[in-house]
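**Student:** quick one, fold the following:
(one chain, ligands or ions: 2)
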Amino acid sequence: MSSEVEYDCIVIGAGVQGSFTAYQLAKRNKKTLLLEQFVLPHTRGSSHGQTRIIRKAYEQDFYTQMMDECYKLWSQLEREAGVTLYRQTGLLVMGPEHSDSYLLYKNTMERNNVPMVILTPENFSQHIPNVILAEGDGALVDINAGVLYADRALKTVQGQFQKLGGVIRDKEKVTDITPGPVVTVSTSAGVYRAKSLVITAGPWANKLLAHIGLQLPLEVQKINVCYWEEKVPGTYDMKKRFPCFLLTEGEESDRHIYGLPSNEYPGLVKICYHIGSETDPDHRDKQTDRSDIGILQRFVARCFPGLIPEPAVVESCMYTLTPDSHFVLDCHPAYSNIVFGAGFSGHGFKFGPIIGKLLCELSLGEVPSYDLSPFRIRRFQGNTKSAL
Ligand SMILES: Cc1cc2nc3c(=O)[nH]c(=O)nc-3n(C[C@H](O)[C@H](O)[C@H](O)COP(=O)(O)OP(=O)(O)OC[C@H]3O[C@@H](n4cnc5c(N)ncnc54)[C@H](O)[C@@H]3O)c2cc1C
Ligand SMILES: O=C(O)[C@@H]1CCCC=N1
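**Tutor:** Ligands and ions are numbered 1, 2, ... in the order given. Okay, the predicted model is just below:
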């Protein structure tokens, strides 16, 4: 089917970033088309699943500062749609007390007045029962952190976009892009034109960018999403405000671990390893590496005595990593009306509302609300391949 309608903007990819971008454009009265290769909702990308962590605890000021407005945008969406998307649980940050990473978290939070509580080894178990703090580790709690209901959030933002007149076409894979003052996008089912284009294709970013002569230094990894059974149901429950947690970065392999309280599967706590195995997003299930699970089992046995150290459920999700783990938010170097958001490096969900706002601003040729220098492609220097 070929369409004669010319859109103000076409957004490719209805994950969290594309859906929020489309919603922001529609809020600005822009005639917007959101294209998605799979039937919605789907579980083949990076935005599916019931829960994600939201937090201000970061090593870098720029993320902590963006989260100020982001919390407000999440609650604005909750009010607009009349749904609950966020639940406060707090986030427990644990790491060697004198390590660079732990101190970066602590200092960034202090500098930015993020409400927090510092726990001592003496009072730790009083506040966080059933968790063993490792010898030499410091612990702090980002009080306002919590859980986002991810699947519900995606459905909500897509629904609000449609209420504003936005068009979603799922089961339409983009097969070609022709740049120009009016961009032409071909899909498995039609041809569409728009004044600007936003590419938010998650793990498929480089496959899409190849059509416009650009390749970014991105690595796609499959993550084993592991759930662990409570020995006594309710021990680590969200309803009891058991917090999300993360271990700060470090050299040791057993540090890249984070978790969320039991909620979506009653009696099961989600604890994952933040490093996966390289994969092709079209063949995700061929990647069967489970070496991370051994690391998680040892961690669970050591630090979570109330869990059975054997995963009860293992699901799959994908990360798209940049070399520095910072996002990519930029315009095409040769076509300023083509904008992309990519490389969310396993921590982009919470930023969805602000990413949507920034990509919307870039696609309208406006000065972005935040300094985008940490996210521009020029930081990769020789790493960006351009066929232009
Ligand atoms: C296990 C796991 C845990 C995570 N935990 C957290 C967390 O606690 N907190 C947090 O903030 N973040 C977290 N993240 C990261 C966060 O979920 C991602 O950063 C975010 O979902 C990325 O969204 P996206 O829109 O870029 O990608 P996606 O969700 O993958 O969306 C891209 C979309 O583009 C579509 N697409 C691709 N190619 C085409 C094409 N040719 N035509 C049409 N459509 C196309 C895809 O089908 C897909 O729907 C986690 C991620 C994982 C995997
Ligand atoms: O983004 C997040 O908060 C989580 C936890 C740390 C690792 C990745 N995702």
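
**Student:** residue of the stretch 151-300 of the chain closest to ligand 1, please.
**Tutor:** For the stretch 151-300 of the chain, the residue closest to ligand 1 is Gly202, as judged by Cβ to the nearest ligand atom, at 2.4 Å. C-beta: built from backbone N, CA, C; applies to glycine.

**Student:** so who does that residue touch?
**Tutor:** Counting by Cβ atoms under 8 Å, 6 or more residues apart in numbering, Gly202 makes contact with 13, 15, 17, 45-47, 281, 318, 320, 342, 344.

**Student:** and of those residues, the nearest to Gly382?
**Tutor:** Ala342 (18.3 Å; Cβ to Cβ).

**Student:** got the contact list for that closest one?
**Tutor:** 199-202, 205, 209, 216, 218, 320, 327-328.

**Student:** if we go to 6 Å?
**Tutor:** Residues near Ala342 by Cβ atoms under 6 Å, 6 or more residues apart in numbering: 205, 328.

**Student:** and Phe242, what element?
**Tutor:** Element membership for Phe242 (DSSP states H and E) is empty, with no helix or strand holding it.

**Student:** Glu230 - how many residues pack around it?
**Tutor:** By other Cβ atoms under 10 Å, the residues close to Glu230 number 20.

**Student:** okay, it and Tyr265: tell me how far apart.
**Tutor:** To Tyr265, Glu230 is 11 Å away according to Cβ to Cβ, to the nearest Å.

**Student:** what does Gly165 give?
**Tutor:** To Tyr265, Gly165 is 37 Å away according to Cβ to Cβ.

**Student:** comparing those two, which residue is more hemmed in?
**Tutor:** Neighbour tally, Gly165 and Tyr265, criterion other Cβ under 10 Å: the higher count belongs to Tyr265, 14 against 11.

**Student:** list the contacts of the more buried one.
**Tutor:** Shown in contact with Tyr265 (Cβ under 6 Å, 6+ apart): Tyr227.

**Student:** report how many residues lie close to the closest residue to ligand 2 within the stretch 151-300 of the chain.
**Tutor:** Per Cβ to the nearest ligand atom, Tyr258 is where the stretch 151-300 of the chain lies closest to ligand 2, at 3.9 Å. Applying other Cβ under 10 Å, we find 19 residues neighbouring Tyr258.

**Student:** need the residues that contact whichever helix or strand it is part of.
**Tutor:** Using DSSP H and E, Tyr258 falls within strand 257-260. Residues from elsewhere that reach strand 257-260 (Cβ under 6 Å, 6+ apart): 51, 244-247, 270-271, 299.

**Student:** that strand near ligand 1 at all?
**Tutor:** No: under the criterion of Cβ under 6 Å from any ligand atom, ligand 1 is not reached by strand 257-260; the shortest gap measures 7.0 Å.

**Student:** now that strand - C-alpha only, PDB.
**Tutor:** C-alpha atoms of strand 257-260 as PDB (Å, rounded to 0.1, in the frame of the first residue of the first chain):
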ATOM      1  CA  ILE A 257      24.800  -7.200  39.200                       C
ATOM      2  CA  TYR A 258      21.500  -5.600  39.800                       C
ATOM      3  CA  GLY A 259      18.100  -6.600  41.000                       C
ATOM      4  CA  LEU A 260      14.400  -5.700  41.600                       C
END
